[in-house]
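Undergrad: 3D, please:
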Amino acid sequence: MRNKFYNSFLLLFLSLILIPLTTSAQLTIKDLDNEAVFSFSIMSDNKGYSVENTNMYKCDKWIREAGDRFILGLGDHVKDNRTNQFLNLIKNDSLWHNHFYPNVADGENEFWGEEQGDLLAGAPILKYVDLDKRKNVKIRDNKCEYYAIEEYNGIKVHIIQLHYSDTPTDSQIAFNENSRQYLMDVLDSINKTDNDIIVVLAHTGPWVNQLSEARKLKLMMKADLVLGATTHRYERYYFLGENINTGAIAFNTGSVGNSGLDNGFMQVHVLKNPTRIIVQYQKTRNDSRKLQGKGFAYEKIINGKISEIDWNNYSLTNSNWNGPNPKVVNQLKAITNKFKKYDVILKSDKDEAEYWAGAPSVVRDSSGTFWMAARMRSPEYPRGLRGYEIRILRSEDGIKFKKYHSIFREEIPIPGFERPSLLIDPKTNKFKLYACGPWQKGPWSIIKFDDVDDLKNINPKSAHPIITAPEKKYERDVSVKEYKDPFIIFAEGKYHCFVTGYIRKNERLFHFISDDGENWKPVGNINQPVIDLNYWHNFFIRPASVLPLGIGYLFIYEGSSTQWYDPVYNIGTGLGFTFDLNNIFDLTTESPLLLSSTPGEFYTYRYSHWMWVSGEIWVYAEVATPNNSHEIRLTRLKVN
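TA: Sure, this is the predicted structure:
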């Protein structure tokens, strides 16, 4: 009954004070770019147009924006009796000259020969990109067809370019037996693994239907991406039937510049674990490159299944985890959704997995200036000791922060940092900065620097321990072994420090008080946590923040479940309520209230700092991104 009462209290309280906010998309195209090992594009039927054409301009711009490694062509790149600026582009631009793989089709035959049916006449386009000089390319003796390999981060893309002109209409002539056998021979030569992606290209529409059933089956079961063009209309082909979701995925690649509202090109992102491709048709009528909707975005697992992507329910990172993922129960989602709108305050020094910017602690001085202390973390160091810097940042508006000062662990020295805590002394107006780390080669402790008027004057050598693990009273004593991650607030005339304490390798939540911020004592028994390991937070529970409400305090905590993937780092945030800062009622017993809205392998939303700013609740937090880096975000909640 008590849990139901407090859950009802939470929902009533938050629904009354928080005005609905617009939510933002869970994932963006930049998230996909960042998570991908690499990407490449496929374009066709530009008919000689280059960047002077609006659609080709966007194609070129978006290819560069994504950092595509190479571009595959499907033919009709030139047009007879027209100025072909595209030839200048592929000859003189380094990206196109060195990384474009053209297809020889009927447009090329007509341009360099007499007519579209002048087979093989279009071979000179390969000279424009010096394809014969590339060591990764083997050109057939017919000078039009070739096999190339692009390799990045241990993944090979096998490119098979075939010559199939629209005319003559007799497929036995236009797509002759020599070309068909060449395709089979190249497929046989590839020792395919999960890190081999096979792409086969021929210009004339659903060309696969011209193969014998045996050859069609061989192609579709060994290749991963099979492409045609000529119709100027994007569509997916189902050569083995619409109910088959394995083998190659096949498309008509549309047209960039000659397709009305259907203008566009294909972009392919390659991801690992498992190795897979995400294929999208980027429509150039859009103002910007974006994640595409139903029918225009697919995932193909190499040597695995094909599936259409619903970005609202798609995770970019696949850890092969088969257990339950963190989730928010339905009755809390109306509140959770308000946190999907945010400002990114600070990114990690590298936008890569395991580089984290986080653990924000924020104060606002008497002039209105915001100050933040944050922990910077790198995977270059051993896990558990990856915090290398406490970064001090300054902001006039609390949104746009600039670096003001840094404290590096070597300056103290200390093996590593985690969460800092920053306050302003209510009596002296000096800054108080706390941190945590393994002290003097011993256990983790809460440390403090000498107070300063200016945070640039923090003396790293002044660091000293203020909360340390108690000594054992007897041989089998299981008292707290170390403390970390302080959140400190001045309230009720005293300093209150909520910390994470380790008992038998379990992280639990403890409360200390102080009159001066220097000398601390536990509230109650030193081994008695203020919230138990229970409900969804039965693996770890830690302090996050405390928000004064006038009639008491909103107590924000974080935790994880024993059932989740890697619960040491996969952390959600919940809420409690307290009148006295020691007896805390858990308000979110059925699930966390907050998880990352952009999860990768982790759903982490942690180290949040809640504060009142001009009648709004501002929440700074460390949040997981799709590529497993962490960034500091700010959500601003309007209050009635």
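Undergrad: Show the low-confidence segments of the stretch 101-250 of the chain, by residue range.
TA: For the stretch 101-250 of the chain, applying pLDDT under 70 flags no range at all.
Undergrad: At which residues are the strands of it located?
TA: 137-139, 146-152, 155-161, 196-204, 225-229, 234-237, 249-253 (DSSP state E, counting those that start in this stretch).
Undergrad: Can I get the ones you listed in a markdown table including mean neighbour count and distance to Lys283?
TA: To be clear about C-beta, it is placed using only N, CA and C from the backbone, and glycine gets the same treatment. What follows is the strands of the stretch 101-250 of the chain, written out as a markdown table (neighbours: other CB atoms under 10 Å; distance: least, CB to CB, whole Å):
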| stretch | mean neighbour count | distance to Lys283 |
| --- | --- | --- |
| strand 137-139 | 16 | 31 |
| strand 146-152 | 18 | 26 |
| strand 155-161 | 22 | 24 |
| strand 196-204 | 24 | 21 |
| strand 225-229 | 25 | 16 |
| strand 234-237 | 18 | 8 |
| strand 249-253 | 23 | 13 |
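Undergrad: Distance to Leu455 for the ones you listed - can I get that in CSV?
TA: Converted to CSV, those look like this (distance: least, CB to CB, whole Å):
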stretch, distance to Leu455
strand 137-139, 58
strand 146-152, 43
strand 155-161, 46
strand 196-204, 51
strand 225-229, 54
strand 234-237, 56
strand 249-253, 55
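Undergrad: Run a quick neighbour tally on the closest residue to Arg233 other than its chain neighbours.
TA: Using CB to CB, 6 or more residues apart in numbering and skipping the chain neighbours, the partner closest in space to Arg233 is Asp262 (5.7 Å). Asp262 is flanked by 17 other residues according to other CB atoms under 10 Å.
Undergrad: for Ile190, same thing?
TA: Going by other CB under 10 Å, the residues that sit close to Ile190 add up to 16.
Undergrad: Of all the strands of the stretch 101-250 of the chain, which one is nearest Asp566?
TA: Closest to Asp566 of the strands of the stretch 101-250 of the chain, according to CB to CB: strand 155-161, at 25.1 Å.
Undergrad: residue ranges of the helices in the stretch 51-200 of the chain, please?
TA: 54-66, 85-92, 94-99, 106-112, 125-128, 171-174, 177-189 (DSSP state H, counting those that start in this stretch).
Undergrad: Surely the residue nearest to Arg233 and Tyr234 touch.
TA: Yes: using CB atoms under 8 Å, Asp262 is in contact with Tyr234, at 5.8 Å.
Undergrad: joint contacts of the two?
TA: Residues touching both Asp262 and Tyr234 by CB atoms under 8 Å, 6 or more residues apart in numbering: Gly254.
Undergrad: so of the helices of the stretch 51-200 of the chain, which one's packed in deepest?
TA: helix 106-112 (a mean of 25; mean count of other CB atoms under 10 Å).
Undergrad: ok, and what's touching that helix?
TA: For helix 106-112, contacts defined as CB under 8 Å, 6+ apart pick out 45, 47, 75-80, 84, 102, 115-125, 165-167, 203, 230.
Undergrad: Derive a ChimeraX selection command for the buried subset of these.
TA: In ChimeraX, the members of these classed as buried (16 or more other CB atoms under 10 Å) are selected with the following command:
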select :45,47,75,76,77,78,79,80,84,102,116,117,118,119,120,121,122,123,125,165,166,167,203,230
